[in-house]
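K.L.:
Turn this into a structure:
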Amino acid sequence: MIGRLNHVAIAVPSVDIASEKYKNILGAKISEPKRLIEHGVTTIFVEMDNTKIELIEPLGDNSPISSFLSKHPAGGIHHVCYEVKDIKSACVILEKEGVKILGSGNPTIGAHGKQVVFLSPKDFNGTLIELEEI
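P.N.:
All right, here's what the predicted structure looks like:
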């Protein structure tokens with residue numbers, strides 16, 4: 001079902017400060033910040049040849065990553081994102097296997113303008129997984 005690793009997301013208190021470190025110290029190519037109101041985050045991507053790192057900062061008081069940052073104030077790995085060819089078929093299979101799809105259970109539009117779903121960390125050894133349709 002899953003294809004390539006699309007990105008690893010790191011929750012940070014400030015995407016601007018974090019991205020400057022990747023840019024100035026590591027020499028990475030950085031995307032422009034993007035506000036994803038429906039996901040409650042501001043995101044910047046660190047572009048690499050084989051994958052991406054997504055830096056995510058809370059957007060507003062109700063951001064789903066605010067509680068993560070309260071436990072990890074310096075930031076940390078938040079989720080991994082895998083590519084899938086057909087997200088709706090993937091959801092059907094996952095639901096049959098008893099995997100909980102977070103939120104409404106239906107795909108939403110993610111940072112790349114493509115459909116995404118998040119899977120409960122309880123079903124994957126404590127790891128929050130995002131699936132993105134390619």
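
K.L.:
where along the protein do the strands fall?
P.N.:
2-11, 29-30, 34-36, 41-47, 52-58, 76-84, 108-109, 115-119, 128-133 (DSSP state E).

K.L.:
Go through the ones you listed and pick out the most buried.
P.N.:
Of all those, strand 52-58 has the most neighbours on average by mean count of other C-beta atoms under 10 Å, namely a mean of 23. Heads up, the C-betas are built off the backbone N, CA and C, glycines and all.

K.L.:
Can you give the distance from that strand to the centre of its chain?
P.N.:
In terms of C-alpha atoms, centre = their mean, to the nearest Å, the centre of strand 52-58 is found 7 Å from the chain centre.

K.L.:
Check stretch 83-92 too.
P.N.:
Put simply, stretch 83-92 sits 17 Å off its chain's centre (C-alpha atoms, centre = their mean).

K.L.:
Let's test this: mean pLDDT of that stretch, rounded?
P.N.:
What stretch 83-92 shows for mean pLDDT is 97.
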